[in-house]
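Q: Let me see the structure of the following:
(one chain, ligands or ions: 2)
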Amino acid sequence: MKLTTFAPEFAEALPILEQIEAAGFEAYFVGGSVRDNLLGLPIHDVDIATSAYPAEIKQIFKRTVDTGIQHGTVMILDHGNGYEVTTFRTETGYQDFRRPDSVTFVRSLEEDLKRRDFTINALAMRADGEIIDLFDGIADLKAHKIRAVGVADERFHEDALRMMRAVRFESQLGFSVTETTQAAIEKHAALLEKIAVERIHVEFMKLMQGIERQNGLRTFIDTGLYRYCPDLADQLPALEQLTALPTVQLHDESAVWLVVTYLLGQTPAQAGRFLKHWKSANDVIDAVKAGLVLLPKLLTATADQWDLYQAGQAVLVISLQIAQLVTTATIPTADWLERYDRLQIKQKADLAINGQILMQNGFQPGPILGKTLAILERKVVLDELPNDTEALLKAAK
Ligand code: ATP
Ligand code: MG
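A: Numbering: from 1, shown residues only. Ligands and ions are numbered 1, 2, ... in the order given. From the prediction side, this is the model:
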């Protein structure tokens, strides 16, 4: 198969391939960019594979950065773009089910493509548009199949993260894993325990943010992969509920964790511990905890202005999205947002009074001062007082 028109990202990077070829080496676009281009999806990063060794690449191009030289990756800087160029390599060993014991640079494209995870990710494209498809990846792209390259059993045994990648591609692309590939995941699911939680997190998040979340979740459950993810082993009913939710794409990481922890029935404190086990970022954890406080009040229409104020706009927005996802009743989203907009203050700093002003007017520093301010803040949020310095001073006295 030969492409005659190139995505702009490829067109821009074409001179790089041509320069490597002119120096007597082979060079190809590989991996996700070739896959996404054939699917007509946007391309994020253009990866290049080459027969040239890193030292040889550095002789061809003046401006390079050693971004992963031990794995054979050099970044070429070109007119404000950076292109990762990786020497063809094979991997051997995998005694720990996650990292190869050693990486060997080779001159053969075939060897390099063989070590890749799925047939749709093992396509390469030459500068002239010719697609190299050694494992029937194009047929699988057309059939919407995720199939391991070579013997699925061996591939997941080598690197257990590939099992999570399989289910995340199911969700992102709306494809299905083949029967053999699925059986191999079922067989090796327990090896996921060997993988760093951070890496599982990345794939789980991509699964949850995909266009066909249910599709990926179905296999995640059916293969038993969930049993080897932090704190999910005993959560089958909640995961089934998650799978049954309507297909609304979730983009925000906090929104994803909010719906998960809500369906798991967690309190904010429990969610905090759960998300620590998943190695989530602190700002995400804070947003989810605040969302778990607000969400039930949105669902029962009992949130008051103080609740909206405490949550803040970002948490309100994701909580409204999740509220609408978990109920068939209509959530009056616009009304809630309008109520938030009408708050006299959005944060403490907006208050027309502070400790200094109080002290200038005869208040002594100490706990009473703090308490007074807290009461004023609450009264302004609830519209019991205007946000006006004179009025607030009078109320404070
Ligand atoms: P994305 O769109 O998320 O970037 P991708 O397929 O490009 O998807 P990357 O993680 O960027 O995924 O990896 C680039 C390529 O490297 C893949 O397409 C695949 O060929 C290969 N690859 C990545 N991770 C693995 C792995 N764990 N095992 C085997 N091959 C892998
Ligand atoms: Mg990629």
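Q: Strands of the chain, residue ranges please.
A: Taking DSSP state E as the criterion, the chain contains strands spanning 27-30, 47-50, 64-68, 73-78, 81-87, 89-92, 102-105, 124-125, 131-132, 145-146, 176-177.
Q: ok, for the residue in the stretch 201-350 of the chain that ligand 1 sits nearest to, nearest residue in space, not its chain neighbours?
A: The stretch 201-350 of the chain approaches ligand 1 most closely through residue 206 (6.6 Å), counting by CB to the nearest ligand atom. The way it works is simple: take the backbone N, C-alpha and C, and place the C-beta from them, glycine included. What sits nearest to residue 206 in space, not counting adjacent residues and going by CB to CB, 6 or more residues apart in numbering, is residue 168, at 4.4 Å.
Q: before we move on, what about residue 180?
A: residue 152 (5.4 Å).
Q: For that neighbour, report the pLDDT, please.
A: At residue 152 the predicted local confidence, pLDDT, stands at 97.
Q: What is the burial count for it?
A: As a burial measure, the neighbour count of residue 152 was computed by other CB atoms under 10 Å and equals 25.
Q: now do residue 264
A: Under the neighbour criterion other CB under 10 Å, residue 264 is assigned a count of 18.
Q: which residues touch the residue nearest to it when sequence neighbours are not counted?
A: On the basis of CB to CB, 6+ apart, the spatially nearest residue to residue 264 that is not a chain neighbour turns out to be residue 238, at 4.8 Å. By CB atoms under 8 Å, 6 or more residues apart in numbering, the residues touching residue 238 are 260, 263-265.
Q: Now for these, which sits with the most neighbours around it?
A: Among those, where neighbours are counted by other CB under 10 Å, the top count belongs to residue 260, at 23 neighbours.
Q: My guess is that one contacts residue 241. True?
A: No - Residue 260 is beyond contact range of residue 241, at 10.2 Å (criterion: CB atoms under 8 Å).
Q: re earlier: please report how far the residue nearest to residue 264 lies from ligand 2.
A: Distance check for residue 238 against ligand 2: by CB to the ion, to the nearest Å, it reads 31 Å.
Q: follow-up on the earlier one: closest to ligand 2 among the contacts of residue 238?
A: In terms of CB to the ion, no member of these lies closer to ligand 2 than residue 260, at 25.2 Å.
Q: Spit out the contact partners of the closest one.
A: In this structure, residue 260 makes contact with 208, 238, 242, judged by CB under 8 Å, 6+ apart.
Q: these two touch, right, the first one and residue 255?
A: No - using CB under 8 Å, residue 208 is not in contact with residue 255, being 9.2 Å away.
Q: would a markdown table of the strands of the chain with mean neighbour count be doable?
A: Supplementary listing: the strands of the chain in a markdown table, determined by neighbours: other CB atoms under 10 Å:
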| stretch | mean neighbour count |
| --- | --- |
| strand 27-30 | 26 |
| strand 47-50 | 23 |
| strand 64-68 | 14 |
| strand 73-78 | 19 |
| strand 81-87 | 19 |
| strand 89-92 | 16 |
| strand 102-105 | 14 |
| strand 124-125 | 24 |
| strand 131-132 | 18 |
| strand 145-146 | 22 |
| strand 176-177 | 23 |
